[in-house]
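Enquirer: Curious how this folds, go ahead:
(one chain, ligands or ions: 2)
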Amino acid sequence: MDLVIIPAGVPRKPGMTRDDLFNINAGIVRTLIEGVAKHCPRAIINIISNPVNSTVPIAAEVLKKAGVYDPKRLFGVTTLDVVRANTFVADVIGVDPKMVDVPVLGGHAGITILPILSQATPKFTFTDKEVAYLTNRIQNGGTEVVEAKKGAGSATLSMAYAAAKFAESCLRALQGESGIVECAYVDCEVTELPFFATKVRIGRSGIEEIYPLGPLNAHEREGLEKLKPELHESIQKGVKFVQNPPAPKS
Ligand SMILES: NC(=O)C1=CN([C@@H]2O[C@H](COP(=O)(O)OP(=O)(O)OC[C@H]3O[C@@H](n4cnc5c(N)ncnc54)[C@H](O)[C@@H]3O)[C@@H](O)[C@H]2O)C=CC1
Ligand SMILES: O=C([O-])CC(=O)C(=O)O
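Expert: Ligands and ions are numbered 1, 2, ... in the order given. Next comes the predicted model:
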C-alpha cells in the first residue's frame, strides 16, 4: 500500500499567479512522477505542487507514457479550498467550521475554484452580498496568504493541515474503511473537460465512485461556464509539456 505525496516546488510571491510557477514546477513534477512510474507504479498519488490545474495532467501524461496510468490513483489535492470554504461559511452563519461541509468543484486557481454554496450543509440561504463575499474570499484565499507573507512563500501551514487531512482519508480508504468522500481534482467525465475537481468516494483501489456536480443555481452555472476556458487551457498546457517537451536551454 503506497501513498506518494508531492508538495515539491516553488511557491508564489506577491503579484504572481499559480500559472507563473509552471516553468519551474512542471519539470519537478515530471521528474518525480517518472520516479513513481519506475519505483511504485501502483501508488496512490496526491499532487500538491502548483499549478495543480496543469501538474495533475502532467502526471497523467508521464504515467501514460510509462504504460502505468491508472486514473483511479491520481489526485490533485484541493482540500485546502474546502477547508477555507468551510471556515468562511462557518463565520458567516455563526457555527463551528467542523459542522460545515461545502463542496468546492472545478480546479485550483482563481475563478476555476467553484464553491457550491447552494449544496453547503447545514442548509443556509445566503444573501447575494454573502455569496459575492464568500465566493471571492474562497477563490482568493491563497492569494490573500501570499500577499500577507510578503515574499516569504504561500500557505504552507494550512496546506500541511489540508494535505494531512486528505492523506489520512486516502490511508483510511486503502485500509478498507468505507464511505470516504472527498473533493479532489481528478480525471473524470463530470464535464467535457478531462480533469475536474468533484466529489469522489475513495476505497481500497483509489477512486471507487465519481459523483456528478449535482444541482447548481444560476450563479454557480454561470461560474462553471466561465471557468471552463481557463481550466481547458491549463490542462492542455500540462499535456503539451509532456507530449511536446520544450527544447532544453543550451
Ligand atoms: N494544492 C494546494 O492547495 C497548495 C499548493 N501549494 C504549492 O505547494 C508547493 C510547495 O509550497 P510550500 O511548501 O509553501 O513551499 P516551500 O518552499 O516551503 O517548500 C517547497 C519544498 O520543495 C522542495 N523542492 C524544491 N525543488 C525540489 C525538487 N526538484 N525535488 C524535490 N523537492 C524539491 C524544497 O526543498 C522545499 O522543501 C508550491 O508549488 C505551492 O504553490 C501550496 C499551498 C497550497
Ligand atoms: O496560493 C498559492 O500559491 C498556494 C495555494 O495553492 C493555496 O494557498 O491555495
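Enquirer: Doesn't Glu182 lie inside a strand?
Expert: Yes - under DSSP: H, G, I helix; E, B strand; the rest coil, Glu182 falls within a strand.
Enquirer: Next, work out how far apart it and ligand 2 are.
Expert: Going from Glu182 to ligand 2 by C-beta to the nearest ligand atom, to the nearest Å gives 16 Å. Quick note: C-beta positions are derived from backbone N, CA and C, even for glycine.
Enquirer: Which pLDDT value belongs to that residue?
Expert: Looking at Glu182, its pLDDT is 98.
Enquirer: okay, now it: neighbour count?
Expert: Neighbourhood size, Glu182 [other C-beta atoms under 10 Å]: 19.
Enquirer: Begin at 29 from now on, thanks
Expert: Understood, numbering begins at 29; the last thing we discussed is Glu210.
Enquirer: beta partners of it?
Expert: Counting by DSSP bridges, Glu210 forms beta bridges with Val228.
Enquirer: right, and it touches Val228 too?
Expert: Yes - using C-beta atoms under 8 Å, Glu210 makes contact with Val228 at a distance of 6.4 Å.
Enquirer: For Arg40, give me phi and psi.
Expert: Main-chain dihedrals, Arg40, degrees, to the nearest 10: phi -70, psi 160.
Enquirer: got a list of what it touches?
Expert: Under the criterion of C-beta atoms under 8 Å, 6 or more residues apart in numbering, the neighbours of Arg40 are Arg46, Asp48, Leu49, Asn78, Gly170, Thr171, Val174, Ser182.
Enquirer: next one: Pro125
Expert: Contact analysis of Pro125 by C-beta under 8 Å, 6+ apart lists Asn114, Thr115, Ala118.
Enquirer: returning to that earlier point: within reach of ligand 2, which of the contacts of Arg40 are there?
Expert: Arg46, Asn78, Gly170, Thr171, Val174, Ser182 (C-beta under 6 Å from any ligand atom).
Enquirer: right, and out of the residues you listed, which lies closest to ligand 2?
Expert: Gly170 (2.3 Å; C-beta to the nearest ligand atom).
Enquirer: I'd say the closest one and Ser182 touch.
Expert: Yes - judged on C-beta under 8 Å, Gly170 makes contact with Ser182 at a distance of 6.3 Å.
Enquirer: neighbour-wise, which of these two wins?
Expert: Legend: neighbour count by other C-beta under 10 Å for Gly170 and Ser182, higher for Gly170 (24 against 19).
Enquirer: Return the residues of the chain in contact with ligand 1.
Expert: Neighbours of ligand 1 within the chain, by C-beta under 6 Å from any ligand atom: 35-40, 49, 53, 56, 76-78, 80, 105, 108, 136, 181-184, 187.
Enquirer: Could I get the contacts of Arg40 in a markdown table, plus columns for distance to Glu237, pLDDT and secondary structure?
Expert: Below are those laid out as a markdown table (distance: C-beta to C-beta, whole Å; pLDDT from 0 to 100; DSSP: H, G, I helix; E, B strand; the rest coil):
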| residue | distance to Glu237 | pLDDT | secondary structure |
| --- | --- | --- | --- |
| Arg46 | 29 | 97 | helix |
| Asp48 | 35 | 97 | helix |
| Leu49 | 32 | 97 | helix |
| Asn78 | 27 | 98 | coil |
| Gly170 | 29 | 97 | helix |
| Thr171 | 33 | 97 | helix |
| Val174 | 35 | 97 | helix |
| Ser182 | 32 | 96 | coil |
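Enquirer: list the contacts for the closest residue in space to Asn78 that isn't next to it in sequence?
Expert: Nearest non-adjacent residue to Asn78, counting by C-beta to C-beta, 6 or more residues apart in numbering: Arg46, 4.3 Å away. Each residue near Arg46 by C-beta under 8 Å, 6+ apart is listed here: Arg40, Asn78, Pro79, Val80, Asn81, His136, Ala137, Gly138, Gly170.
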